[in-house]
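In: predicted model and sequence below, questions to follow.
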Amino acid sequence: MPPKLKPPYLQQVKPRGHLKVWVVDGPYIRGKIDEEFTNFGQHYRFPFIPENELWIDREADPGELPFFVDHLLVEHRLMAHGMTYDKAIVLADLAERSERRRAGDIRRATKGRALPDPAQVHLRLWKTLESGVKVWIVKGRLVRSVFDIDFTAGGHEFVYEYVPHDEVWIDDDIEEIERGYVLLHELHERNRMAAGWPYNKAHYESSHLECRCRHHPDELHDALAAEGWA
């Protein structure tokens, strides 16, 4: 943990063996420690997390904590024995996906169809931009269970093939206080990729802009306006 920062712990839940499981303040972590912290994490992915702890971001829409814990148990065990993150996450995703199937999310989203309908994950339309792009708050749990287990925070069609053309998706699991920063990242990234930028370049610049606004929130309004949010 970097010095002079408060511990981000909110609630301890049932431990798993020798590992403590904590619900943590994700917005604080992303704003003060590491903007790349996602829905959950463990020491071998994020070294600022103590070795014997699993961290789960507080959910705005609770219900996925068991899935995330199962994922982290596999990821932590494999990486502790020397496996790389890129290999460990594949096996951890398999374990998590198995739990999601048992929970019945796929049946609820497909309703007997061969393929899921993206409209099934729409929760509410946030705004339609002058460009015609629609920004949707989506059911993050269903997106992860049905389309992409690694979906986090937000996305658009230039990165995720399952997002319809001219749509930006914002995860409903992101707390209201953070949605503006995630929106900025996704709009900036989408606009750059629409102009022909490769993903890595667009994502890097968007992450940098998001990080700056998290540290200077007075700049967020103008930054969003520059991306067509007016």
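Out: Looks like it came in fine. Numbers count the residues shown, from 1 in each chain.
In: ok, and what's touching the lowest-mean-pLDDT helix or strand in the chain?
Out: None of the helices or strands of the chain scores lower by mean pLDDT, DSSP states H and E than helix 105-110, at a mean of 75. Applying Cβ atoms under 8 Å, 6 or more residues apart in numbering, the contact partners of helix 105-110 are 100, 116, 117, 120, 121, 141, 142, 145, 146. To be clear about C-beta, it is placed using only N, CA and C from the backbone, and glycine gets the same treatment.
In: give me that answer again for 7 Å
Out: With Cβ atoms under 7 Å, 6 or more residues apart in numbering as the test, helix 105-110 has contacts from 116, 120, 141, 142, 145, 146.
In: all the strands of the protein, in order from the start?
Out: 9-16, 19-24, 40-42, 53-57, 122-128, 134-138, 154-156, 167-171 (DSSP state E).
In: which pLDDT value goes with the residue nearest the centre of the chain?
Out: Here the mean C-alpha position of the chain is nearest to the C-alpha of residue 152 (Cα atoms, centre = their mean), at a distance of 2.0 Å. Listed pLDDT for residue 152 reads 91.
In: which phi and psi does it have?
Out: Dihedral pair for residue 152: phi -140, psi 130, per degrees, to the nearest 10.
In: contacting residues for residue 24?
Out: Per Cβ under 7 Å, 6+ apart, neighbours of residue 24: 8, 9, 10, 55, 56, 57, 58.
In: any of those buried? List them.
Out: 8, 55, 56, 57, 58 (16 or more other Cβ atoms under 10 Å).
In: list the contacts for the second one?
Out: So that's residue 55. With Cβ under 7 Å, 6+ apart, residue 55 has these contacts: 22, 24, 40, 41, 49.
In: ok, now with 8 Å
Out: Counted by Cβ under 8 Å, 6+ apart, residue 55 has contacts 8, 22, 24, 29, 40, 41, 42, 46, 49.
In: per-domain residue ranges of this protein.
Out: 9-103, 118-226 (automatic domain parsing).
In: distance to residue 110 added to the ones you listed, as CSV?
Out: Output for the domains of the chain, formatted as CSV (distance: least, Cβ to Cβ, whole Å):
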stretch, distance to residue 110
domain 9-103, 12
domain 118-226, 7
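In: can the strands of the chain go into a markdown table with extra columns for distance to residue 195?
Out: Shown next, in a markdown table, are those (distance: least, Cβ to Cβ, whole Å):
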| stretch | distance to residue 195 |
| --- | --- |
| strand 9-16 | 40 |
| strand 19-24 | 37 |
| strand 40-42 | 33 |
| strand 53-57 | 32 |
| strand 122-128 | 21 |
| strand 134-138 | 19 |
| strand 154-156 | 13 |
| strand 167-171 | 16 |
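In: among the ones you listed, which is nearest residue 210?
Out: Shortest distance between residue 210 and the strands of the chain, using Cβ to Cβ, is found for strand 154-156: 10.6 Å.
In: what's that closest one packed up against?
Out: Helices and strands touching strand 154-156, as assessed by 3 or more Cβ pairs under 8 Å, 6 or more residues apart in numbering; DSSP states H and E, comprise strand 167-171, helix 176-194.
In: nearest to residue 131, of the ones you listed?
Out: Once the helices and strands packed on strand 154-156 are compared by Cβ to Cβ, helix 176-194 is nearest, at 9.0 Å.
In: tell me how far the residue nearest to residue 126 when sequence neighbours are not counted lies from residue 180.
Out: Nearest in space to residue 126, with sequence neighbours left out and distances taken as Cβ to Cβ, 6 or more residues apart in numbering, is residue 135 at 4.4 Å. Residue 135 sits 11 Å away from residue 180 when distances are taken as Cβ to Cβ, to the nearest Å.
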